[in-house]
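K.L.:
below is the sequence, then the predicted model.
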Amino acid sequence: MQEKNVRNIGRVLTALLPLIAVICSHAQGSDASQTLPASPAPAQHSIEDLNYLGGDAAMPPFSDSIIDVHSAFRQALLNKGLAFRVITGPQYTQNMLAAPVPADQQVYVGQRAFESMFVQPILAADLQPLHLHHAQLYMGGVWNWVSWNPAGPKTLQLWALYFYKAFGADRVEVKAGYIANNMNFVGLFVGGSTATGTQGVYAVLPYEVGMSYFPLTAPSFNVWIRGPKHTYLKSAAQRSIDPNGGPAEVARNHSGFRFIPHGDKLVLINEGGYQRAAGADVHETWFRAGYIYNTTPYTNAATGQSESGNYCAYALVDDQLRQSNREHPSQGLYAGASFMTVPDTMNQYSRYYEARFYDKAPLRSHPNDVFSVVASRTGYSRIFTGNLVSQGKSVWRAGTTVTGSYSLEASRGSYLSLGLGYAYGPADTPRVPNALNFVANWTLFF
């Protein structure tokens, strides 16, 4: 009953947030001429300096928000060196090829109608009053709910609390605090934006090995060094996420503030790459390769013993094939590929291969839209599946998916993503029929 009440409250909050924000935006915009100063905010308090910085993925600019960037609310905070935003949205997934199975037989997302919702408030503070330039204090929480717990976690907790500082014309960037590193390493967001990168990719291998990911957080110290000729190196020393996954992490660390839960040890992430932005005469290119090493003990499925040394090695590349708008050179057609591997003695999913094509701004009238086609293959651990076969269970040895999706900027600060994905071998056990999943995401930025 308590969970049902929490679920209903969450749905009401998610439904009301857009209405409240739009009403506030109109109210603030109507009297802005009476309350705003005659001159614009000082350059050192640019609101984009308070956006999410120093990550692989970017959040939309504050100008792409339901609340007007020039409203009295935004400007009053900006004049104090602050920016506040809320991100929220529901997701729905359903297999179109078969009727829903009973709840106790579900083994993959979409086998029954799957729903999820999140609300993510964020506050960023400029640290110039402390005589720290190119620095910010970034804070955020999250409420996350899912209709099927294994796809969770369900949680209300800290998402981010860290100090960010750039040195030497942004040649070196440092983050220290509680960080979700899926936005800082590997580069899993198709198109590079949190608004449009939610469709088609489900590479869980870095998370199996303990890297922190939304909605979870962990203490981490990150350094990003930009070298000559578009090269870079970056590293992180992070406390591991629970080896048993997100729901187990939340069960032991409800608030997200717990610094070192018993048994969780050090994760080291190292990545190097080449990243060149698009320009009038050059196409965008990004190659990255990295290695994640975890000192936390994991159960070895072959021996039954606990061992440290779990790891993930990865390499990804994205290249712009053509530019569709010379005035906005990042728009156009891209191709990409990914490879990841982890020890199959410690992880349920052991290999990941991906090929992708995506088009930024396929329609010139919608410059923030993204169309993508992503094909992936996930190898299930031969040790894990072998143990299941020895118990008389049926298994798939690998899962292959092909997903097409379109992310539409429906209005300022509102993104609707619709996708259709075919899954051959949707779960390692039992050997259930293939699936055709319809996926819908709606994301709102306030």
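P.N.:
Looks like it arrived, so ask away.
K.L.:
show me the helices in the stretch 101-250 of the chain, by range?
P.N.:
205-208, 246-252 (DSSP state H, counting those that start in this stretch).
K.L.:
which strands or helices does the longest one pack on?
P.N.:
Think helix 246-252. The helices and strands touching helix 246-252, judged by 3 or more Cβ pairs under 8 Å, 6 or more residues apart in numbering; DSSP states H and E, number zero. To be clear about C-beta, it is placed using only N, CA and C from the backbone, and glycine gets the same treatment.
K.L.:
just checking, next helix/strand downstream of that helix?
P.N.:
Sequence order places strand 266-276 as the next helix or strand after helix 246-252, per DSSP states H and E.
K.L.:
so what strands line up beside that next one?
P.N.:
The strands beside strand 266-276 in its sheet (DSSP bridges) come out as strand 231-239 (antiparallel), strand 285-294 (antiparallel).
K.L.:
so what's the gap between the shortest one and the chain middle?
P.N.:
Between the mean C-alpha point of strand 231-239 and the mean C-alpha point of its chain there is a distance of 17 Å (Cα atoms, centre = their mean, to the nearest Å).
K.L.:
return the set of buried residues in it.
P.N.:
Tyr232, Lys234, Ser235, Ala236, Gln238, Arg239 (16 or more other Cβ atoms under 10 Å).
K.L.:
for the residues you listed, which one is nearest Met59?
P.N.:
Distance to Met59, by Cβ to Cβ, is smallest for Lys234 among those, at 19.0 Å.
K.L.:
leaving out the residues flanking it, which one is nearest to that closest one?
P.N.:
Distances taken as Cβ to Cβ, 6 or more residues apart in numbering put Trp224 closest to Lys234, at 4.1 Å, once the chain neighbours are dropped.
K.L.:
check Leu321 too.
P.N.:
Nearest in space to Leu321, with sequence neighbours left out and distances taken as Cβ to Cβ, 6+ apart, is Leu333 at 4.7 Å.
K.L.:
the one you found against Asn325, yeah?
P.N.:
No: Leu333 is beyond contact range of Asn325, at 11.7 Å (criterion: Cβ atoms under 8 Å).
K.L.:
looking at these two, which is more packed in?
P.N.:
Neighbour tally, Leu333 and Asn325, criterion other Cβ atoms under 10 Å: the higher count belongs to Leu333, 17 against 13.
K.L.:
which residues of the stretch 201-350 of the chain score low on pLDDT?
P.N.:
In the prediction, the stretch 201-350 of the chain carries residues with pLDDT under 70 at positions 201.
K.L.:
thinking again about what came up before, which members of the buried residues of strand 231-239 define the maximum pairwise distance?
P.N.:
Top of the distance list for the buried residues of strand 231-239 (Cβ to Cβ): Tyr232 and Arg239, 24.1 Å.
K.L.:
out of the strands paired with strand 266-276, nearest to Phe189?
P.N.:
strand 285-294 (11.7 Å).
K.L.:
buried ones in the closest one?
P.N.:
Those would be Thr285, Trp286, Phe287, Arg288, Gly290, Ile292, Tyr293, Asn294, for strand 285-294 by 16+ other Cβ under 10 Å.
K.L.:
format those residues as CSV; extra columns: distance to Asn182.
P.N.:
CSV is the format used below for those (distance: Cβ to Cβ, whole Å):
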residue, distance to Asn182
Thr285, 22
Trp286, 17
Phe287, 19
Arg288, 14
Gly290, 13
Ile292, 12
Tyr293, 17
Asn294, 15
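K.L.:
burial measure for Trp148, as a count.
P.N.:
By other Cβ under 10 Å, the residues close to Trp148 number 20.
K.L.:
how far away is it from Ala103?
P.N.:
8 Å (Cβ to Cβ, to the nearest Å).
K.L.:
swap in Leu132?
P.N.:
Between Leu132 and Ala103 the distance is 52 Å, computed by Cβ to Cβ.
K.L.:
of these two, who's got more company?
P.N.:
Neighbours were counted for Leu132 and for Ala103 using other Cβ under 10 Å; Leu132 has more, 13 against 10.
K.L.:
name the nearest residue to that one, ignoring sequence neighbours.
P.N.:
Closest to Leu132 by Cβ to Cβ, 6+ apart is Lys165, at 6.7 Å.
K.L.:
report the beta-bridge partners for that neighbour.
P.N.:
According to DSSP bridges, beta-bridge pairing links Lys165 with Ala135, Val174.
K.L.:
so what's it up against?
P.N.:
By Cβ atoms under 8 Å, 6 or more residues apart in numbering, Lys165 lies in contact with Leu132, His134, Ala135, Glu173, Val174.
K.L.:
of those, which is the most crowded?
P.N.:
In terms of neighbours by other Cβ under 10 Å, these top out with Glu173 at 22 neighbours.
K.L.:
can you pull out the strands in the stretch 1-150 of the chain?
P.N.:
Taking DSSP state E, counting those that start in this stretch as the test, the strands found in the stretch 1-150 of the chain are 82-95, 114-126, 135-146.
K.L.:
which strands and helices sit next to the second one?
P.N.:
This means strand 114-126. Other elements packing on strand 114-126 under the criterion 3+ Cβ pairs under 8 Å, 6+ apart are helix 2-30, strand 82-95, strand 135-146.
K.L.:
angle of it against strand 135-146?
P.N.:
Strand 114-126 and strand 135-146 are oriented at 170 degrees to each other (axes from the mean of the first three to the mean of the last three Cα atoms, to 10 degrees).
K.L.:
about what we covered before: what is the nearest of the buried residues of strand 285-294 to Ala58?
P.N.:
The shortest approach to Ala58 among those belongs to Trp286, at 13.1 Å (Cβ to Cβ).
K.L.:
hmm, that closest one is touching Gly187, no?
P.N.:
Yes: with contact defined as Cβ under 8 Å, Trp286 reaches Gly187; the gap is 6.9 Å.
K.L.:
who touches both of these two?
P.N.:
With contacts taken as Cβ under 8 Å, 6+ apart, Trp286 and Gly187 have Leu316, Asp318 as neighbours in common.
K.L.:
so the closest residue in space to Leu156 that isn't next to it in sequence bridges to which residues?
P.N.:
Distances taken as Cβ to Cβ, 6+ apart place Trp143 nearest to Leu156, at 4.7 Å, with adjacent residues excluded. Counting by DSSP bridges, Trp143 forms beta bridges with Val119, Leu156.
K.L.:
my guess is Trp143 meets Pro153, correct?
P.N.:
No: with contact defined as Cβ under 8 Å, Trp143 does not reach Pro153; the gap is 11.4 Å.
K.L.:
re earlier: and Trp159, which of the helices of the stretch 101-250 of the chain is closest to it?
P.N.:
The closest of the helices of the stretch 101-250 of the chain to Trp159 is helix 246-252. By Cβ to Cβ, the value is 12.4 Å.
K.L.:
what comes up buried for the closest one?
P.N.:
Neighbour-count burial for helix 246-252, with 16+ other Cβ under 10 Å as criterion, is recorded at Gly246, Pro247, Glu249, Val250.
K.L.:
need the residues you listed in a markdown table (columns: distance to Ser220).
P.N.:
Formatted as a markdown table, these follow (distance: Cβ to Cβ, whole Å):
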| residue | distance to Ser220 |
| --- | --- |
| Gly246 | 17 |
| Pro247 | 21 |
| Glu249 | 15 |
| Val250 | 18 |
